[in-house]
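> Curious how this folds, go ahead:
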Amino acid sequence: MKMILGAHMSIQGGLDLALQRGFDVGCDAIQIFSKTSNQWKAKPLQEECIIRFKKKREETGVTPAMIHSSYLINLCTPKDEDWHKSIDAFYVEMERAEALEIPYLVLHPGAHLQSGEEAGIARVAQALNQLHERAAGFQMKVLIELTAGQGTCIGHHFSHVGAIFNQIKEDSRIGVCFDTCHVFAAGYDFRTKEGYDETMALFDKEIGLNRLCAFHLNDCKKDLGCRVDRHDHIGQGKIGLSAFSHLMNDARFVGLPMILETPKGNDCAEDKVNLATLRGLVK
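Modelled structure (predicted):
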């Protein structure tokens with residue numbers, strides 16, 4: 001079986017350098033930010049930048065699988081000014097994904113800020129429906145990331161994401177990114193084979209496995225159900241190697257991008273170790 005493994009890579013110095021960094025540590029695929037993640041504004045993509053990126057993709061053979069959208073975006077917010085600002089910012093991210101021919105744009109659904117889960121779910125669905133109309137003809141797909149459930153963030157129950165899908169007019173244009181740390185922190189225990197099978201069966205019931213398009217592979221520094229998002233190296237956190245072994249040998253997910261978001265230094269040496277650990281689990 002061929003699992004498509006990789007890591008989130010820095011775009012410092014240019015988008016194309018992220019692909020080279022991924023190649024250097026042995027990635028099949030990478031995730032990037034297409035702009036500074038903690039700023040609203042972004043300089044427009046220059047044509048020469050897009051050309052360099054596509055050329056480097058051909059040279060390295062590394063797949064740029066996903067863009068992770070800015071952490072500032074909150075499509076759940078009940079505050080109208082912030083909601084419209086988030087919609088506009090996310091549309092720019094969609095444009096960049098389309099221009100770079102990157103298939104997936106990952107979205108944290110957001111925080112409802114005490115307006116309630118039902119209101120937050122309706123708000124993000126309304127925003128995505130507007131964005132789909134605005135981006136008619138785009139080929140890229142938005143992936144809703146499962147969350148740890150910190151504060152008033154939605155997305156830590158599979159049912160939240162299922163409810164979002166139920167309110168999307170063009171639901172074929174969205175999918176799901178399964179973050180192992182977040183799902184564990186949210187309270188789903190997939191460490192044993194029985195627990196893994198139960199978790200995936202519940203995901204299928206509430207959302208649909210056909211909507212699962214990508215993974216973030218992260219161990220968790222905190223205990224099951226902590227509702228805290230703290231990533232750790234594969235096999236070194238509270239999840240442990242057995243859970244990742246179940247995932248690495250699940251034939252249903254062959255061909256889906258599986259991206260590390262684990263801590264690392266400037267040389268990305270930790271990515272090499274984590275990728276080797278994951279590949280060593282494939283039977």
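> isn't G235 right next to D219, touching?
Yes. G235 is in contact with D219 according to C-beta atoms under 8 Å; the separation is 6.5 Å. Where C-beta positions appear, they are placed from N, C-alpha and C, glycine not excepted.
> so what sits against both of the two?
Common neighbours of G235 and D219 (criterion: C-beta atoms under 8 Å, 6 or more residues apart in numbering): F244.
> and those two? which has more neighbours close in?
D219 (23 against 19; other C-beta atoms under 10 Å).
> Which stretches in this protein count as helices?
Per DSSP state H, the chain carries helices over the ranges 15-25, 47-60, 80-100, 117-134, 158-166, 180-185, 193-206, 241-248, 269-280.
> In terms of secondary structure, what does the shortest one contact?
Just to be clear, that refers to helix 180-185. Under the contact criterion of 3 or more C-beta pairs under 8 Å, 6 or more residues apart in numbering; DSSP states H and E, helix 180-185 touches strand 212-217, strand 219-220, helix 241-248.
> circling back: packed most tightly, which of the helices of the chain would that be?
Of the helices of the chain, the one with the most neighbours on average (mean count of other C-beta atoms under 10 Å) is helix 180-185, at a mean of 27.
> tell me how far it is from the chain's mean position?
In terms of C-alpha atoms, centre = their mean, to the nearest Å, the gap separating the centre of helix 180-185 from the centre of its chain is 12 Å.
> Quick check: mean pLDDT of that helix?
Here helix 180-185 scores 98 as its mean pLDDT.
> hmm, back to that, compare the helices of the chain and give me the one nearest C226.
helix 180-185 (5.1 Å; C-beta to C-beta).
> Using PDB, write out the CA atom coordinates for the closest one.
What follows is helix 180-185, C-alpha atoms only, in PDB (Å, rounded to 0.1, in the frame of the first residue of the first chain):
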ATOM      1  CA  THR A 180      -5.500  12.800  14.900                       C
ATOM      2  CA  CYS A 181      -4.500  15.100  17.800                       C
ATOM      3  CA  HIS A 182      -7.700  17.100  17.600                       C
ATOM      4  CA  VAL A 183     -10.000  14.000  17.400                       C
ATOM      5  CA  PHE A 184      -8.200  12.400  20.400                       C
ATOM      6  CA  ALA A 185      -8.400  15.600  22.400                       C
END
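> Throw the helices of the chain into a markdown table and include distance to G6, thanks.
Formatted as a markdown table, those follow (distance: least, C-beta to C-beta, whole Å):
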| stretch | distance to G6 |
| --- | --- |
| helix 15-25 | 6 |
| helix 47-60 | 11 |
| helix 80-100 | 16 |
| helix 117-134 | 26 |
| helix 158-166 | 23 |
| helix 180-185 | 15 |
| helix 193-206 | 22 |
| helix 241-248 | 14 |
| helix 269-280 | 8 |
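> among these, which is nearest I73?
So among those, helix 80-100 is nearest, using C-beta to C-beta, at 4.5 Å.
> which strands and helices sit next to the closest one?
Against helix 80-100 (3+ C-beta pairs under 8 Å, 6+ apart) you get helix 47-60, strand 63-68, strand 104-107, helix 117-134.
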